[in-house]
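> Generate a structure from the sequence data that follows.
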Amino acid sequence: MFEGSKRKLSKSEHIQTLLYKSYKVCKKISSKEPVLSTIYEYVYFVDEAIEELGVEEEIIHQLIEDYVVQILTTKATFEAYLLNLKELKIEKKELDFTPLRELAHKNLGVARNLRIKDAEKILTELLKKDDIVYLEYCLEALVACAIRLKPSRAYATIKLLAIKKSLEK
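Reported below is the predicted structural model:
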């Protein structure tokens, strides 16, 4: 290889890097935020969802993939709502958390149905807290936890979103 050049990472290496970074985010947030202290150690098992929903494991896995896509695609909307709240706060205007909370509530319903406990905890925080910085941590944790559920699907979704964004320019 040429001096100073970097080897392109394979898809598998990108996925591993994405997964590693998501674990680091969860660990950082778990150590900073007592309410979210268990998200780093959380491991999702489909058994509870299969038993309670009465559907096949394959369907649960597809629903989990759909959930991951949903979280990653709504991240920009969450960020826009948080940015708007920051601007309102700077302007000393009344803060309206309604759009943020409606989106969190929608995602919470899916997380509850699939029995994704870390997402339930994070989304509940997004529903009830008013500290914008804390809510940003919650969003960061939500995305990281979603990536951990299905890293390959998360990678594909992130790539697709990047392509769509580049086409919009």
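> CA only for contacts and neighbour counts going forward, please
Will do.
> hmm, which helix or strand of this structure has the shakiest average pLDDT?
Across the helices and strands of the chain, mean pLDDT, DSSP states H and E gives its lowest value to helix 47-53, namely a mean of 91.
> Determine the set of other helices and strands touching that one.
Using 3 or more C-alpha pairs under 8 Å, 6 or more residues apart in numbering; DSSP states H and E as the contact test, the elements touching helix 47-53 are helix 57-90, helix 98-114.
> among those, which is nearest Ile50?
Between Ile50 and the helices and strands packed on helix 47-53, the shortest gap by C-alpha to C-alpha is with helix 57-90, which sits at 6.1 Å.
> Compute the inter-axis angle for the closest one and helix 98-114.
Taking axes from the mean of the first three to the mean of the last three C-alpha atoms, to 10 degrees, one finds helix 57-90 and helix 98-114 inclined to each other by 160 degrees.
> Tell me the buried residues in the least confident helix or strand of the chain?
Burial within helix 47-53, assessed by neighbour count using 16 or more other C-alpha atoms under 10 Å, is assigned to Ala49, Ile50.
> okay, and for this protein, where does confidence drop off?
Applying pLDDT under 70 to the predicted model, the residue ranges of the chain that meet it are 1-6.
> change it to 80
Across the chain, residues meeting the criterion (pLDDT under 80) sit at 1-7, 169.
> ok so, going back, can you redo the helices and strands packed on helix 47-53 as CSV with mean neighbour count?
Output for the helices and strands packed on helix 47-53, formatted as CSV (neighbours: other C-alpha atoms under 10 Å):
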stretch, mean neighbour count
helix 57-90, 16
helix 98-114, 17
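> Format those helices as a markdown table; extra columns: distance to Glu51.
Output for the helices and strands packed on helix 47-53, formatted as a markdown table (distance: least, C-alpha to C-alpha, whole Å):
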| stretch | distance to Glu51 |
| --- | --- |
| helix 57-90 | 10 |
| helix 98-114 | 11 |
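> Tell me which of those helices lies nearest to Leu127.
Set against Leu127 and scored by C-alpha to C-alpha, the helices and strands packed on helix 47-53 come closest in helix 98-114, at 5.0 Å.
> returning to that earlier point: and the helices and strands packed on helix 47-53: which comes nearest Ala144?
Nearest to Ala144, of those and by C-alpha to C-alpha, is helix 57-90 at 9.5 Å.
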